[in-house]
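[1] model this:
(one chain, ligands or ions: 1)
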Amino acid sequence: MKNNAQPFALIFDMDGTMIDSNPTHKEAFERFFAQYDIEMTDEDFINYVSGRMNPDIMKHFFGDAISSQKITALTREKELLFQELFAPKIKPIKGLLPFLKKAREKGIPMALATSAPKMNIEFVFTHIPLSDYFPHIVHDRNVKKGKPAPEIFLKAARKLRYPPERCIVFEDSKAGVEAAQAAGMTVVVLTTTHSAGELEGADWVINDFSEATITKLNKLASLKEKIAFSK
Ligand SMILES: O=P(O)(O)OC[C@H]1O[C@@H](O)[C@H](O)[C@@H](O)[C@@H]1O
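    You can find the predicted model right below:
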């Protein structure tokens, strides 16, 4: 059954979109990999780490033969390090909480779709009051193929009972933007991780949520729907 109450639904990425955590993820990965004599360049971070799921990241750096138990242990090690580094500085991206409040008042359905593990979602939710806004969550354990594959966003759309062309995704990473585009959704990109010129495929680029207006999102969504119907 489709949900038709509102013209569009919103899907939020977490790292780099609701919190400016990617510089700290980078630092945590550098320290973590150094213990295993692995070097991660800036290019590696952009192409094989940022926005991706830990199982994919670990396989890329430790090899495809790595066991799932090892992936779980390494993920925990890296994320504990990340949480220790990020806890003193965690805060929502500018304008996020007022924007979420406004969207909820208007009855716009919302979901979280993150490549992060559950332990990081819990960590973020204990520091920032987000849990009430996100009854619908899709995380790394809920998908077979992580971003840039569209599965995570299509799953979030199914939870919201909205067709992809009526979903608007907030993202920051290359892999995330690719995934949202592949899902046939409208993509609003935040410039936390990349500058506007570095990212292709954004329907709208914003610096933070103080720039996000429901009127503009409405326009973007109806444009996408028109394009989808004309195909
Ligand atoms: O999908 P999101 O919310 O951007 O999460 C991605 C992040 O998930 C983390 O768990 C990874 O360790 C990060 O490297 C990655 O960037």
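
[2] now the helices for this protein?
    Assigned by DSSP state H, the chain shows helices spanning 22-34, 42-44, 54-62, 68-86, 96-105, 118-127, 151-160, 174-182, 214-230.

[3] would you single out the least confident of those helices?
    Lowest mean pLDDT of the helices of the chain: helix 214-230, a mean of 79.

[4] which residues of this structure lie near the ligand?
    13-16, 25, 49-52, 54, 57, 114-117, 120, 173, 176 (CB under 6 Å from any ligand atom). C-beta coordinates here come from the backbone N, C-alpha and C atoms, glycine included.

[5] show me what contacts residue 124?
    Taking CB atoms under 8 Å, 6 or more residues apart in numbering, we find residue 124 in contact with 14, 18-19, 90, 130.

[6] export the residues you listed to a markdown table and tack on pLDDT and neighbour count?
    Converted to a markdown table, those look like this (pLDDT from 0 to 100; neighbours: other CB atoms under 10 Å):
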| residue | pLDDT | neighbour count |
| --- | --- | --- |
| 14 | 98 | 23 |
| 18 | 98 | 26 |
| 19 | 98 | 22 |
| 90 | 98 | 16 |
| 130 | 98 | 20 |
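
[7] closest one of those to residue 168?
    When the contacts of residue 124 are ranked by distance to residue 168 (CB to CB), residue 18 comes first, at 14.7 Å.

[8] that older thread, most tightly packed of the helices of the chain?
    Compared across those, helix 174-182 shows the largest average neighbour count, a mean of 24 (mean count of other CB atoms under 10 Å).

[9] helices or strands up against that helix?
    Packing partners of helix 174-182 (3 or more CB pairs under 8 Å, 6 or more residues apart in numbering; DSSP states H and E): helix 151-160, strand 167-171, strand 186-190.

[10] of those, which is nearest residue 73?
    Across the helices and strands packed on helix 174-182, closest to residue 73 is helix 151-160 (CB to CB), at 23.6 Å.

[11] output the contacting helices and strands for the closest one.
    Here helix 151-160 touches strand 9-12, strand 110-113, strand 136-138, strand 167-171, helix 174-182, going by 3+ CB pairs under 8 Å, 6+ apart.

[12] same thing but at 7 Å, please
    Packing contacts for helix 151-160, counted by 3 or more CB pairs under 7 Å, 6 or more residues apart in numbering; DSSP states H and E, involve strand 9-12, strand 110-113, strand 136-138, helix 174-182.

[13] quick one: mean pLDDT over stretch 187-198.
    Averaging pLDDT along stretch 187-198 gives 90.

[14] any idea how far apart the tips of it sit?
    15 Å (CA to CA, to the nearest Å).

[15] tell me which residues in it are buried?
    Of all the residues in stretch 187-198, those buried under the rule 16 or more other CB atoms under 10 Å are 187-194.

[16] chain center to that stretch, what's the gap?
    With CA atoms, centre = their mean, to the nearest Å as the basis, stretch 187-198 stands 13 Å off its chain's centre.

[17] what does that stretch rub up against?
    With contacts defined as CB atoms under 7 Å, 6 or more residues apart in numbering, stretch 187-198 is touched by 16-17, 20, 22, 50, 93, 168-173, 177, 180-181, 199, 201-208.

[18] among these, which ones are buried?
    The buried subset of these - by 16+ other CB under 10 Å - is 16-17, 20, 22, 50, 93, 168-173, 177, 180-181, 199, 202-206, 208.

[19] could you give the number of residues near residue 210?
    Residue 210: 13 surrounding residues under other CB atoms under 10 Å.
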